[in-house]
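Peer 1: just coords:
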């Protein structure tokens, strides 16, 4: 009876602490130093991020999240499934095709991730615990920035400092919107410098690839990611995993994928902090 009482007391205490944790959202922060330049109104309006973080907390992880929409649609978002989980979430807006063309939106993604590395500590976050993720087009962008180190090198940041790459149903061949910009149909696969597959390497951060059901996914999205996982392993990468979410299509696969993301963030954060 005494043990039960102590357990209930600890449980209630834990719930009270969790309830007392407050989160703050700062909206529309520019991530380019020159993004307030009125000569480029589109850049000024799109290249902004929202920062959601636990107020007063220290040393927490951050998930930098990129929305989907085929690089032609969508807006920055803080997924509800990632709220109140003890870490920060950054929702990134970026420029879209056809108003801009490749590699502009990849460069935007790199600039937002660089902003996180340089600024999250002032809000209490740990810049060794920066995870990058996104759905569909967002997953493609974070894959490009993580695997092609040139984009972050512009900001004197080694892409290997990213704690983990966790894309949801990413295109890993050259994105279909980039192919469309070139007049190539979406069923014609291309692998060039704008394909994450082109940049497989042994020394990349941990990679967790998540897709929907192969029979329900967009085009060959599962098969692309399966090939990506295989080529990363053949390149010598030791920490690439692939999850296929049976019964979920391209649009609704994020729902069961978010718990996998949260678990990965917590496990790798513990691993890094223990070093």
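Peer 2: Yep, it's here. Just so it is clear, the structure is predicted and the values come from calculations on it, not from any experiment.
Peer 1: Rounded mean pLDDT for stretch 258-274, please.
Peer 2: Stretch 258-274 shows a mean pLDDT of 98.
Peer 1: Over to stretch 93-111?
Peer 2: Averaging pLDDT along stretch 93-111 yields 98.
Peer 1: do stretch 222-241 as well
Peer 2: Here the average pLDDT along stretch 222-241 is 98.
Peer 1: residues of that stretch that come out buried?
Peer 2: 222, 224, 225, 226, 227, 228, 229, 232, 237, 240 (16 or more other Cβ atoms under 10 Å). From N, CA and C alone the C-beta is placed, and that goes for glycine too.
Peer 1: Which of these fall within strands?
Peer 2: By the criterion of DSSP state E, membership of these in strands covers residue 240.
Peer 1: Helix, strand or coil: sort out residue 90 for me.
Peer 2: At residue 90 the chain is in strand, as set by DSSP: H, G, I helix; E, B strand; the rest coil.
Peer 1: roughly how far apart are the closest residue to it other than its chain neighbours and residue 78?
Peer 2: Ranked by Cβ to Cβ, 6 or more residues apart in numbering and with sequence neighbours excluded, the top spatial neighbour of residue 90 is residue 64, at 4.7 Å. If you measure residue 64 against residue 78 using Cβ to Cβ, to the nearest Å, the figure is 11 Å.
Peer 1: quick one: residue 29 is in a helix?
Peer 2: No - counting by three-state DSSP, residue 29 is not part of a helix but strand.
Peer 1: Tell me where the chain has helices.
Peer 2: If DSSP state H is used as the criterion, the helices of the chain fall at 2-20, 41-46, 104-119, 137-147, 150-153, 176-181, 221-234, 254-273.
Peer 1: of those helices, which approaches residue 215 most closely?
Peer 2: Minimum separation from residue 215 across the helices of the chain (Cβ to Cβ) falls at helix 221-234, 8.5 Å.
Peer 1: Contacts for the closest one next, please.
Peer 2: Under the contact criterion Cβ atoms under 8 Å, 6 or more residues apart in numbering, helix 221-234 has outside partners 169-173, 196-197, 200, 204, 207, 209, 211-214, 240-242, 244, 250.
Peer 1: Quick one: buried ones out of those?
Peer 2: 169-173, 196-197, 200, 204, 207, 209, 211-212, 240, 242, 244, 250.
Peer 1: Out of those residues, list just those in strands.
Peer 2: 207, 209, 211, 212, 240, 242, 244.
Peer 1: Neighbour count for residue 64 and residue 78, which is higher?
Peer 2: Just comparing residue 64 and residue 78: by other Cβ atoms under 10 Å the higher neighbour count belongs to residue 64, 27 against 20.
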